[in-house]
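Q: My questions concern the predicted model and sequence given below.
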Protein chains: 2
Amino acid sequence: MTTTEQHSRRRGRPPTGGREAILEAALVVLREQGIANLTSREVAARAGVSDASVYYHFHDRAGLLAAIFESGMKPLLVMGEQAGGPNGPLDVLERATASLEQFFDEVLPIMHAAQSDPELKEAVARYVELKDLGPHKGVAILGSYLRAQQEAGVLAPGFDPDAVALLVIDMSFARAVRQQMHLAGEERLPSREALLDQIWRLIQPA
Amino acid sequence: MTTTEQHSRRRGRPPTGGREAILEAALVVLREQGIANLTSREVAARAGVSDASVYYHFHDRAGLLAAIFESGMKPLLVMGEQAGGPNGPLDVLERATASLEQFFDEVLPIMHAAQSDPELKEAVARYVELKDLGPHKGVAILGSYLRAQQEAGVLAPGFDPDAVALLVIDMSFARAVRQQMHLAGEERLPSREALLDQIWRLIQPA
DNA sequence: GTCTATAGGTTGATAGAC
DNA sequence: GTCTATCAACCTATAGAC
């Protein structure tokens, strides 16, 4: 514990953690209020700092948004570690969809915000290209796992591993979107289990 | 032809079509600039009318947004007519995905805009509930078709029609989103044909 | 129904003290 | 690094003439 906690200014927050506080608050505001209400004032108030602090740390609004985006996209960078578990394909599929949904749930507010402003949209596209993120990454991870299992004879020989992987990703993505829109009639839709059942029918060995 | 076309004020537009002009312009602005730049001034300028006209027709910004939303969602109301074509299931599937993608392509800007503002988000949710739109509608249409073909023996007996329908819808939705984000690496992803191939493997008769 | 003009409020961004 | 105070720009919305 090297943090000096002698004068508790706010509540357990380091005295000079302004930048992180602002970034955190901005992410919260973005998720709760949407980008329409993401103003420097609102963020500053939530972070418990002054309005000018925001501009000191991020120069301008675009800089703040870029930082939010980069911070909010981090879940993507740490993905793809639990693909090679010791469990069977069905278990892997279930765990993959679960973490995919959670991931999309975190990133979706940023995606939505990006689509509401052409400048942000292009920034996101460039960032994704630069870091080589994007759907093909997920397809590569999940697809190669499926292909390995297929070649090992654990799964059926006929299916296209990458295509099935993309189907699973798309299904998780759409589910996350529906969940965040919380539309009525969600309960009338086929469940995740029902969807995974069909995928399983597709890849299970004869 | 009852429209009086004696004095061409703009170009083939009725002299008193202000409301429609504004609505059209608003949709264009929303698609091109995103909701971040959707101001009464911008819309009015594009429509070739005054700023005040917008408020005359739609009372306030919320009224304009509601009208945009209702107008932009119309593609949903006229959906589901070409499902019962005389063609085979594979053809129906291809045509369904094509029109689904086009539909999502039209509605997506509005969905994104709605997600960027909590008030709009709730308005959308209520509207979808009121008009009984939503994914379950598409599932019902495509699913019942698949079920009919299945019971007629044209398709395999084992699959879940509704679940497969939702898979197809989710896949089309995700494809439309990717297309609008125009991320790099799209060409490395499995094509629509590759995805439909897997669906076909799922439902084809033995 | 459409315009001009403008009031009133909010926001992004800066200056300068501490 | 953080604050207060402030400005200029922009936006929503209204008033009133035509």
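A: Yep, that arrived.

Q: Quick one: low-confidence residue ranges for chain A.
A: Low-confidence segments of chain A (pLDDT under 70): A:1-16, A:79-85.

Q: Tell me the residues of it that contact DNA strand D?
A: Chain A comes close to DNA strand D at residues A:15-19, A:44, A:48-53, A:56-57, as judged by C-beta under 7 Å from any atom of the strand. In this view, the C-beta of every residue, glycine as well, is placed from N, C-alpha and C.

Q: residues contacting residue A:33?
A: A:42, B:118 (C-beta atoms under 8 Å, 6 or more residues apart in numbering or on different chains).

Q: Looking at the residues of chain A next to DNA strand D, which are in helices?
A: Among the residues of chain A next to DNA strand D, the members found in helices (DSSP state H) are A:18-19, A:44, A:51-53, A:56-57.

Q: List buried residues within those residues.
A: The neighbour count (16 or more other C-beta atoms under 10 Å in any protein chain shown) marks A:18-19, A:44, A:53, A:57 as buried among these.

Q: Now the two most distant members of those residues.
A: In terms of C-beta to C-beta, these reach their longest pairwise distance at A:19 and A:44, which sit 12.3 Å apart.

Q: Got the domain ranges for chain A?
A: As assigned by automatic domain parsing, chain A contains the domains A:18-71, A:73-203.

Q: is the last one anywhere near DNA strand C?
A: Spelled out, it's domain A:73-203. No: Domain A:73-203 stays clear of DNA strand C (C-beta under 7 Å from any atom of the strand), getting no nearer than 11.4 Å.

Q: Straight-line length of that domain, end to end?
A: Between the opening and closing residues of domain A:73-203 lies a distance of 31 Å (C-alpha to C-alpha, to the nearest Å).

Q: and if you look at the first one?
A: From its first residue to its last, domain A:18-71 covers 15 Å (C-alpha to C-alpha).

Q: which of the buried ones among the ones in helices among the residues of chain A next to DNA strand D lies closest to DNA strand D?
A: Minimum distance to DNA strand D across those is 2.7 Å, recorded for residue A:18 (C-beta to the nearest atom of the strand).

Q: contact partners of the helix or strand containing residue A:145?
A: According to DSSP states H and E, residue A:145 maps onto helix A:135-151. Helix A:135-151 has contacts (C-beta under 8 Å, 6+ apart) with A:76, A:79-80, A:83-84, A:89, A:92, A:96, A:100, A:155-157, A:159, A:161-162, A:164-166, A:168-169, A:203, B:178, B:183, B:185, B:188-190.

Q: By neighbour count, sort out the buried ones in the residues you listed.
A: Neighbour-count burial (16+ other C-beta under 10 Å) is assigned, among these, to A:76, A:79-80, A:83, A:89, A:92, A:96, A:100, A:155, A:159, A:161-162, A:164-166, A:168-169, A:203, B:178, B:183, B:185, B:189-190.

Q: list the buried ones in the lengthiest helix in chain A?
A: Longest helix in chain A, counting residues (DSSP H): helix A:89-115. For helix A:89-115, a neighbour-count test (16+ other C-beta under 10 Å) marks A:89, A:92-93, A:96-97, A:99-101, A:103-115 as buried.

Q: Tell me how far it lies from the chain's centre.
A: 6 Å (C-alpha atoms, centre = their mean, to the nearest Å).

Q: same deal with stretch A:131-151?
A: 17 Å.

Q: go on, stretch A:152-159?
A: On the basis of C-alpha atoms, centre = their mean, stretch A:152-159 sits 30 Å off its chain's mean C-alpha point.

Q: surely residue A:28 meets residue A:42?
A: No: using C-beta atoms under 8 Å, residue A:28 makes no contact with residue A:42, being 10.2 Å away.

Q: would you list the domains of chain A in a markdown table and tack on distance to residue B:195?
A: As requested, the domains of chain A are arranged in a markdown table below (distance: least, C-beta to C-beta, whole Å):
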| stretch | distance to residue B:195 |
| --- | --- |
| domain A:18-71 | 29 |
| domain A:73-203 | 5 |
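
Q: So for residue B:68, which of the ones you listed sits nearest?
A: Closest among the domains of chain A, once you apply C-beta to C-beta, is domain A:73-203, at 13.4 Å.

Q: quick one, what contacts the residue nearest to residue A:34 when sequence neighbours are not counted?
A: Distance criterion C-beta to C-beta, 6 or more residues apart in numbering or on different chains; nearest residue to residue A:34, sequence neighbours excluded, is residue B:116 at 4.3 Å. Contacts for residue B:116 (C-beta under 8 Å, 6+ apart) come out as A:34-36, A:112-113, A:116, B:35-36.

Q: For the helix or strand encompassing residue A:180, which helices and strands make contact with it?
A: In this assignment (DSSP H and E), residue A:180 forms part of helix A:161-181. Under the contact definition 3 or more C-beta pairs under 8 Å, 6 or more residues apart in numbering or on different chains; DSSP states H and E, helix A:161-181 sits against helix A:89-115, helix A:135-151, helix A:192-203, helix B:89-115, helix B:118-130, helix B:161-181, helix B:192-203.

Q: export those to CSV and tack on distance to residue A:24?
A: Converted to CSV, the helices and strands packed on helix A:161-181 look like this (distance: least, C-beta to C-beta, whole Å):
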stretch, distance to residue A:24
helix A:89-115, 14
helix A:135-151, 26
helix A:192-203, 31
helix B:89-115, 21
helix B:118-130, 20
helix B:161-181, 26
helix B:192-203, 39
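
Q: what's the spacing between residue A:52 and chain B?
A: The gap separating residue A:52 from chain B is 23 Å, by C-beta to the nearest C-beta, to the nearest Å.

Q: For residue B:136, see how far away residue A:188 is.
A: Residue A:188 sits 5 Å away from residue B:136, going by C-beta to C-beta, to the nearest Å.

Q: ok, now residue A:94?
A: In terms of C-beta to C-beta, residue A:94 sits 24 Å off from residue B:136.

Q: Also residue A:163?
A: Look at residue A:163 and residue B:136: by C-beta to C-beta, they are 26 Å apart.

Q: Those two: who's more crowded?
A: Using other C-beta atoms under 10 Å in any protein chain shown as the criterion, residue A:163 and residue B:136 rank with residue A:163 on top: 26 against 20.

Q: give me every residue that touches the more buried one.
A: B:190, B:194-195, B:197-198.

Q: 6 Å instead?
A: Each residue near residue A:163 by C-beta atoms under 6 Å, 6 or more residues apart in numbering or on different chains is listed here: B:190, B:194-195, B:198.
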